[in-house]
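Asker: Could you work out the structure for the sequence below:
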Amino acid sequence: MIYIGFSTKTHKLYARILCKKYRHVAPIVITKNKCIMYQFVSYKKITLISIKRRDLKILELYGWKFIKYDGKFSLEYALKKSSITCVQFTKNVCGITNMFVLTPDALFRYLNRQ
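Answerer: Numbering: from 1, shown residues only. Next up is the predicted model:
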């Protein structure tokens, strides 16, 4: 099972200027009792963060919103492919090829329509 997390806070300057509401996005893979967040840090640098299910509730208190993604996903493909932004990395994980999804806000709207 995979969740897509959207954050309203970021330290990146371009994201603060270009993105309206949601400014960062990260996929979270959940298997049984283990959750791993794939945090995009910079070009070709993805940090794996181990969290627990209860940590998702704590993150919601700090401005995160989560959407359950039921489609196919491929972490191996996304980790091999060099992504430039967090949105591009998440699109690679989910297998989304829509070229008009460029910001976390657009990805949020796209996933809500699915």
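Asker: Sketch out the strands for the protein, chain order is fine.
Answerer: Assigned by DSSP state E, the chain shows strands spanning 2-7, 24-31, 34-42, 45-51, 64-69.
Asker: which stretch among those strands comes nearest residue 103?
Answerer: Residue 103 lies closest to strand 24-31 among these, at 9.1 Å (CB to CB). In this view, the C-beta of every residue, glycine as well, is placed from N, C-alpha and C.
Asker: Look up the pLDDT of the residue lying closest to residue 30 once chain neighbours are set aside for me, please.
Answerer: Nearest residue to residue 30, sequence neighbours excluded (CB to CB, 6 or more residues apart in numbering): residue 1, at 4.7 Å. Note on residue 1: pLDDT of 83.
Asker: Pick out the residue nearest the middle of the protein.
Answerer: Centroid-nearest residue in the chain, with CA atoms, centre = their mean: residue 26, separated by 2.1 Å.
Asker: in the chain, which helix or strand is least confident?
Answerer: None of the helices or strands of the chain scores lower by mean pLDDT, DSSP states H and E than helix 13-18, at a mean of 68.
Asker: ok, back up a step: neighbours around the residue nearest to residue 30, how many?
Answerer: 12 (other CB atoms under 10 Å).
Asker: try the one 4 residues further on
Answerer: One way to gauge burial is a neighbour count; for residue 5, by other CB under 10 Å, it gives 22.
Asker: isn't residue 27 right next to residue 1, touching?
Answerer: No - when contacts are counted by CB atoms under 8 Å, residue 27 is not listed as touching residue 1 (11.1 Å).
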